[in-house]
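1. coordinates only, sequence not included:
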């Protein structure tokens, strides 16, 4: 290929250098075009940077780029998102899994390893199934129940379970928190990443959050109502000595600790995410 051809406006190198997107985002989207149109790996962005896109691939790139310029989250554009050690289908009906939420998976897995037996796990507000399926994928010693009030979210979670061949390990129920359970049960671990953003928080109208389901982000109140419900109901759904772990907002840790104390839970611990921020609180039912 000549130098002139290599500088063509639809060569990989030229498209990346002229994109209106940040470099990392442009590379993610262009790699997706290479994968879907040519079955090429992401490394082709470097090894074949003089490659010219055909008409259909170039049009696909333009469409993806414009969607991201308009603010649509990359996970929705690609229809998938990596989480812990699994890949999940995501769509506008579910919250996009965040790396910070992997902390809840790690807390649950540590408890499962400590108990060293088949553990019954409850994931409240499962969304795409991220937490429940990551736990199931990483631990054969777990039987998991996952709930969500959204039929659309549960449909996506069930697809993810099937894609990961975990549909025989995770049971899904629709309903509002503990009310989704069809019978009274007690668990070894309860985990939840509930809506905890206050309704008046300006972030809800900014960035990627604009495109995500509001009901998965905010309780339409102070940000504490769902946390209160989950914590208050934990004792009756935990086995003696069993663990509850919830994710919370950056400034909610002290209040969540107080809610845990008021509920009569003990061994309360605050957990930091990889950025060093207080991200989750765990506690136990009295033995």
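-> Noted; the coordinates are in hand. No experiment lies behind these values; they were computed from the predicted model shown.

2. nearest the middle, which residue of this structure would you pick?
-> Most central in the chain under C-alpha atoms, centre = their mean is residue 97, positioned 1.5 Å from the mean C-alpha point.

3. who touches it in this structure?
-> Taking C-beta atoms under 8 Å, 6 or more residues apart in numbering, we find residue 97 in contact with 81, 83, 88, 90, 127-128, 130. Using the backbone N, CA and C atoms, a C-beta is placed for each residue, glycine as well.

4. then residue 48?
-> Applying C-beta under 8 Å, 6+ apart, the residues contacting residue 48 are 12, 40.

5. ok so, going back, how close does the residue nearest to the centre of the chain sit to residue 216?
-> Distance check for residue 97 against residue 216: by C-beta to C-beta, to the nearest Å, it reads 11 Å.

6. which residues do those two both contact?
-> For the pair residue 97 and residue 216, residues contacting each of them under the criterion C-beta under 8 Å, 6+ apart are residue 127.

7. what separation is there between the residue nearest to the centre of the chain and residue 236?
-> The span separating residue 97 from residue 236 equals 29 Å under the rule C-beta to C-beta.

8. with residue 75 instead?
-> Noted for residue 75: a distance of 36 Å to residue 236, by C-beta to C-beta.

9. between the two, point out the one with more neighbours.
-> Each of residue 75 and residue 236 had its neighbours counted (other C-beta atoms under 10 Å), and the higher figure belongs to residue 75 (24 against 10).

10. shouldn't that one be within a helix?
-> Yes. When the secondary structure is assigned by DSSP: H, G, I helix; E, B strand; the rest coil, residue 75 falls within a helix.

11. would you check that it makes contact with residue 95?
-> No. Under the contact definition of C-beta atoms under 8 Å, residue 75 does not touch residue 95, with a separation of 9.9 Å.

12. who's in contact with the nearest residue to residue 101 once chain neighbours are set aside?
-> If you skip the residues right next to it in sequence, residue 101 has residue 193 as its closest partner in space, 5.2 Å away by C-beta to C-beta, 6 or more residues apart in numbering. Contacts were defined as C-beta under 8 Å, 6+ apart; by that measure residue 193 touches 101, 104, 125, 127, 131, 246-247.

13. swap the cut-off to 10 Å and go again
-> With contacts defined as C-beta atoms under 10 Å, 6 or more residues apart in numbering, residue 193 is in contact with 95, 97-98, 100-101, 103-104, 123-127, 130-131, 216, 226, 245-248, 279-280.
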